[in-house]
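**Student:** would you be able to build a 3D model of this:
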Amino acid sequence: MDVDGIKKLLALMNDNDLCELEVEEEGRKVRLRKHEHHPPVGTMVVPAGLPSAAPVSAAPAPPAAAAKPVRDDVYEVKSPLVGTFYRTPKPGAPPYCEVNDRVSAEKTLCIIEAMKVMNEIKAEIEGVVEAILINNGEAVEFNQPLFLIRKER
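**Tutor:** Residues are numbered from 1 along each chain as shown. As a prediction, this is how the structure comes out:
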């Protein structure tokens with residue numbers, strides 16, 4: 001399943017207010033869960049017509065909503081998908097960024113792994129990293145805040 005297929009499944013979950021969705025296709029299984037503390041509300045069958053692709057490393061992430069201000073000069077960078085948050089490109093490597101680092105709009109801040117696909121998350125704005133809101137290796141939800149970036153004037 002490629003990134004577009006995952007986006008379609010996420011849209012299906014959001015449109016039908018589903019907490020969990022599991023799809024099995026050609027020996028590949030995908031399970032998406034919005035909130036771990038909510039039990040599944042039902043079973044949904046998804047047509048097998050979704051395209052599939054081999055895993056690709058460092059794929060561009062699906063477009064996220066533009067960084068939103070939480071204060072006058074501080075913006076949230078949110079997760080564009082469900083997955084696992086990683087601060088480094090590989091174990092033992094230095095983190096992409098630290099608190100107080102100056103970042104450009106195209107600077108990679110982290111990777112979110114979804115179904116063995118590594119999705120790079122960009123800063124989207126120029127500024128200084130004020131906070132990293134997720135710990136390395138933690139699961140993240142769609143639209144969950146990941147970073148606070150203070151825009152410099």
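**Student:** shaky segments in the protein?
**Tutor:** 1, 16, 34-70, 153 (pLDDT under 70).
**Student:** could you list the domains of it?
**Tutor:** For the chain, the structural domains run 1-54, 59-150, going by automatic domain parsing.
**Student:** just checking: what are the partner strands of the stretch of helix or strand residue 76 belongs to?
**Tutor:** Of the helices and strands defined by DSSP states H and E, residue 76 is found in strand 74-78. Strand 74-78 sits in its sheet next to strand 68-69 (antiparallel), strand 145-150 (antiparallel), going by DSSP bridges.
**Student:** ok, back up a step: need the winner for burial among the domains of the chain.
**Tutor:** domain 59-150 (a mean of 17; mean count of other Cβ atoms under 10 Å). Backbone N, C-alpha and C define where each C-beta goes, glycine included.
**Student:** now it, how far from the chain's geometric center?
**Tutor:** How far domain 59-150 lies from its chain's middle: 8 Å, per Cα atoms, centre = their mean, to the nearest Å.
**Student:** what's the answer for stretch 26-36, then?
**Tutor:** With Cα atoms, centre = their mean, you get 15 Å for stretch 26-36.
**Student:** show me what it is in contact with.
**Tutor:** For stretch 26-36, the external contacting residues (Cβ atoms under 8 Å, 6 or more residues apart in numbering) are 1, 6, 9-10, 13, 18-24, 48, 52, 82, 115, 139, 141-142.
**Student:** quick check: next helix or strand after the strand holding residue 76?
**Tutor:** Immediately after strand 74-78, counting by DSSP H and E, sits strand 83-86.
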